[in-house]
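Q: Fold the following.
(chains A and B)
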There are 2 protein chains.
Amino acid sequence: MEPDFSPLAEFLGDEFDGYLISADGSDSNQLYLSGFDAPDPYVTLYTPAGIHLLVSTLEFGRAKKESRADTVSRLSDYDYRDKHAEHGAVVGKAKTVAAFLADHDVGSLAVPADFPLGTADALRDEGVAVEAETDDVLTNIRAVKTDEEVEHVHAAQDANEAAMRAAEGLIRDADVADDGTLTYEGEPLTSERVKEEIEVTLLRHGCALDETIVACGADAADPHDRGSGPLRADEAVIIDIFPRDKETKYNGDMTRTFVKGEPSPEIREWFDLTEEAFEAALDAVEPGATGADVHDAVCDVYEAAGESTLRADPSAETGFIHSTGHGVGLDVHELPSLSPSGEELRPGHVITIEPGLYDPDIGGVRIEDLVVVTEDGYENLTDYPVELVVE
Amino acid sequence: MEPDFSPLAEFLGDEFDGYLISADGSDSNQLYLSGFDAPDPYVTLYTPAGIHLLVSTLEFGRAKKESRADTVSRLSDYDYRDKHAEHGAVVGKAKTVAAFLADHDVGSLAVPADFPLGTADALRDEGVAVEAETDDVLTNIRAVKTDEEVEHVHAAQDANEAAMRAAEGLIRDADVADDGTLTYEGEPLTSERVKEEIEVTLLRHGCALDETIVACGADAADPHDRGSGPLRADEAVIIDIFPRDKETKYNGDMTRTFVKGEPSPEIREWFDLTEEAFEAALDAVEPGATGADVHDAVCDVYEAAGESTLRADPSAETGFIHSTGHGVGLDVHELPSLSPSGEELRPGHVITIEPGLYDPDIGGVRIEDLVVVTEDGYENLTDYPVELVVE
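A: Here you go, the predicted structure:
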């Protein structure tokens, strides 16, 4: 099942002949539009008539086999080597791309806002009209997942659950030293040790990640703190894991909060309140509702209980101080957003729901699942218990 | 010890007031110039008077503490939120950056060739002159490492050696099944299994990687093949590992070729010849020699033995069909290049030396070490035996 690129054709309209991406496969727009991954930059042209790739000879065979392109051309088809030798890398490449565009009758281009300036200016010198688009047209298409994409996210989330189980297991099996820190097999149980366990588990499930959050106590009160040092009993530990499947490149995302021992009354109250906000947000997820509606549902619960939110106080530094969620796909943060500016939810949107409360004097609490919007509500892609106390 | 940015000042000369990067910390030029890493895009301005950062409020404290900037400004210092609300993300950001540039008396900019077009055009609309530079001025500065950077590469290479030992150990301890495939603890020993061992070992040493090569037999005859499926006795297995230290972000790089059992006479001859070419290349490494000289030393050895090279036959598909090496630092492939166009070597250049021979009918052989150019030659950063047969 192919993505629906018709909004891109509508966007081009009469103004542009085509949409061009020049990037390597680590760029999610490139990966998505081309259906192809390569470590060096390559060129993808979308026109209402089809998708056309321009790649190195080295990648030609694989691009023909693996990409979703209707046609694949080689740099050597346009004498790239000679142009490079005569004009240097940037101008030589632009002259090559200009010849490729002429072959496809393209004289005017829309490109992503992060398109490389050197190539754009050199294409303009070749007489091609180039304009950066700021409508997020491609990222809005990417936000609506096909069934196959939902399966890829689901598989990454399955691996995520295995990693969370491994992390929770370390905390469960830990001992408490006299000073209140956790130990495991005689060694201090640190954020770093738990992250290593998470990463090794993910590797064995075909996933990788750049960062993980395992943050205890005051660390957990800063939503951007990755956490470090020994974990302690009776304090809340936030574990937020966002792995990427190495094969499909789709991401998962989940957060749980654990306490080994006895949580403070405040943490216990916050956890129950956050679970209530989490359920209220899920209840609000359906096609036609907006990301802003879902965010409001969370703020309503927190504010009714007297907690501070950014909605009530834009300068708040404690309480609910981030948005409710975001899309997940080839990027771990993508459209739609579940925030005050959140747009309308559509079937196929894959989103996180992740309310939380933060205060350096108390700690932090966050609960996060990953769900897909369906025709009549949502389906939860996460299968992991929501329980605070680990014993 | 700070990098020497004076070539950047010379490049700017009278033509440009400053050099600007707008990217997140995954961009190595950004990471290097700012001395700062953040997951969302931020702005670094170099002028002959100093380095100036423009970051979000969230990153302000950390940027002041960790970056090499002389001054750090916040987006909110230039009313970014209002500008964003009024003009949208791209134009709002450009108006904010324009105000920041005016504060530093900068009206004309050189930027990297991959600078985002949307931002560049919007800055031009604000009256700032913006030109993409194609002289690799910053990447040439990055190519010359400080002692501290060499230590970071060395540490990544130490982790690499541990991973190579783990991989070699699996092959050594493997059994040979009746059909000639290797088995380990009763399971087939595959490329995938060896890669997992490598990745887990690297993780435990604080490193990560996106890809590894463990390629056996005909797979190994394609230098870009990552390898897959069961490993076989009596065939050459190329293992090429290029990890990145997660803390420092510097890379290592090493390749070894192993045979479990009895290599064919051709593989044995190729290995000895490749070791000879490898030694000849190392002998050629010194300040003042060019990357082309080192590459020629390898070609001389191979051609004298009657092997095909790209130097002798640009259309060769077997024999020595790649360049001799490349710089390694924040990127695993960076300047200088050890190829026909290779530039002059300078003390502080960190380079790979990696000759190899390939033929689908025979297999592949490659030997790769990582060395730093010194005042009077080179120092090898790699400490791993060069031996073909594993038993």
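Q: Pretty sure A:Glu2 sits against A:Glu148.
A: No - with contact taken as CB atoms under 8 Å, A:Glu2 and A:Glu148 are classed as non-touching, separated by 9.6 Å. In short, each C-beta sits where N, CA and C put it, glycine included.
Q: Compare neighbour counts for those two and give me the winner.
A: Neighbour tally, A:Glu2 and A:Glu148, criterion other CB atoms under 10 Å in any protein chain shown: the higher count belongs to A:Glu148, 12 against 8.
Q: which residues does A:Leu273 contact?
A: The contact partners of A:Leu273, taken as CB atoms under 8 Å, 6 or more residues apart in numbering or on different chains, are A:301-302, A:305, A:307, A:357.
Q: Can you tell me which of these end up in strands?
A: Using DSSP state E, the members of the contacts of A:Leu273 that fall in strands are A:Leu357.
Q: Secondary structure of A:Ala120: a helix, I assume?
A: Yes - counting by DSSP: H, G, I helix; E, B strand; the rest coil, A:Ala120 falls inside a helix.
Q: pLDDT on stretch A:60-72, on average?
A: Looking at stretch A:60-72 alone, the average pLDDT works out to 94.
Q: Can you list the buried residues in it?
A: Neighbour-count burial for stretch A:60-72 flags A:60, A:63, A:67-69, A:72 (criterion: 16 or more other CB atoms under 10 Å in any protein chain shown).
Q: what does the stretch 151-300 of chain A put close to chain B?
A: With the criterion set to CB under 8 Å from any CB of the partner chain, the stretch 151-300 of chain A comes near chain B through A:196, A:199-200, A:203-204, A:208, A:210-211, A:224.
Q: rerun that using 10 Å as the cut-off
A: Within reach of chain B by CB under 10 Å from any CB of the partner chain, the stretch 151-300 of chain A has these residues: A:192, A:195-196, A:199-200, A:202-204, A:206, A:208-211, A:222-224, A:246.
Q: ok, of those, which come out buried?
A: Of all these considered here, the ones buried according to neighbour count by 16+ other CB under 10 Å are A:192, A:195-196, A:199-200, A:202-203, A:206, A:208-209, A:222-223, A:246.
Q: Check the residues you listed and tell me the two furthest apart.
A: A:Gly206 and A:Asp222 (31.3 Å; CB to CB).
Q: Now which of the contacts of A:Leu273 would you call buried?
A: Buried residues within those, counting neighbours by 16+ other CB under 10 Å: A:301-302, A:307, A:357.
Q: got the residues you listed as JSON lines, with distance to B:Tyr250 and pLDDT columns?
A: As requested, the buried ones among the contacts of A:Leu273 are exported to JSON lines (distance: CB to CB, whole Å; pLDDT from 0 to 100):
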{"residue": "A:Val301", "distance to B:Tyr250": "46", "pLDDT": "98"}
{"residue": "A:Tyr302", "distance to B:Tyr250": "44", "pLDDT": "98"}
{"residue": "A:Glu307", "distance to B:Tyr250": "44", "pLDDT": "98"}
{"residue": "A:Leu357", "distance to B:Tyr250": "39", "pLDDT": "98"}
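Q: mind listing what A:Tyr184 touches?
A: Remark: with contacts taken as CB atoms under 10 Å, 6 or more residues apart in numbering or on different chains, A:Tyr184 is in contact with A:169-171, A:173-175, A:190, A:193-194, A:197, A:231.
Q: how far away is the most centrally placed residue in chain A from B:Glu387?
A: Centroid-nearest residue in chain A, with CA atoms, centre = their mean: A:Val332, separated by 1.1 Å. For A:Val332, the distance to B:Glu387 under the criterion CB to CB, to the nearest Å works out to 43 Å.
Q: Also A:Pro265?
A: With the distance defined as CB to CB, A:Pro265 ends up 64 Å from B:Glu387.
Q: More neighbours: which of the two?
A: In this view A:Pro265 and B:Glu387 are compared by other CB under 10 Å, and B:Glu387 has more residues nearby, 14 against 8.
Q: The more buried one against B:Asp272, yeah?
A: No - B:Glu387 lies out of contact with B:Asp272 (CB atoms under 10 Å); the separation is 11.6 Å.
Q: what's the pLDDT at the residue nearest to the centre of chain A?
A: Looking at A:Val332, its pLDDT reads 94.
Q: dump the residue contacts of the residue nearest to it when sequence neighbours are not counted.
A: In this structure, A:Val332 finds its nearest non-sequential neighbour in A:Asn251, 4.4 Å apart by CB to CB, 6 or more residues apart in numbering or on different chains. A:Asn251 makes contact with A:152-153, A:156-157, A:160, A:207, A:209, A:242-245, A:328-334, A:350, A:370 under the criterion CB under 10 Å, 6+ apart.
Q: One more pass at 8 Å, please.
A: A:153, A:156, A:242-245, A:328-332.
Q: Please work out the average pLDDT along stretch A:34-45.
A: Along stretch A:34-45, the predicted confidence averages to a pLDDT of 93.
Q: so what does the least confident helix or strand in chain A by mean pLDDT touch, helix or strand wise?
A: Of all helical and strand segments in chain A, the minimum by mean pLDDT, DSSP states H and E falls on helix A:57-66, at a mean of 88. Contacts of helix A:57-66 with other secondary structure elements, assessed using 3 or more CB pairs under 8 Å, 6 or more residues apart in numbering or on different chains; DSSP states H and E, are made with strand A:71-74.
Q: Pull out the buried residues from the helix or strand following the strand it packs on.
A: Sequence-wise, the next helix or strand beyond strand A:71-74 is helix A:80-87, with elements assigned using DSSP states H and E. Applying a neighbour-count criterion of 16+ other CB under 10 Å, the buried positions in helix A:80-87 are A:80, A:83-84, A:87.
Q: Fine by me, we can end here.
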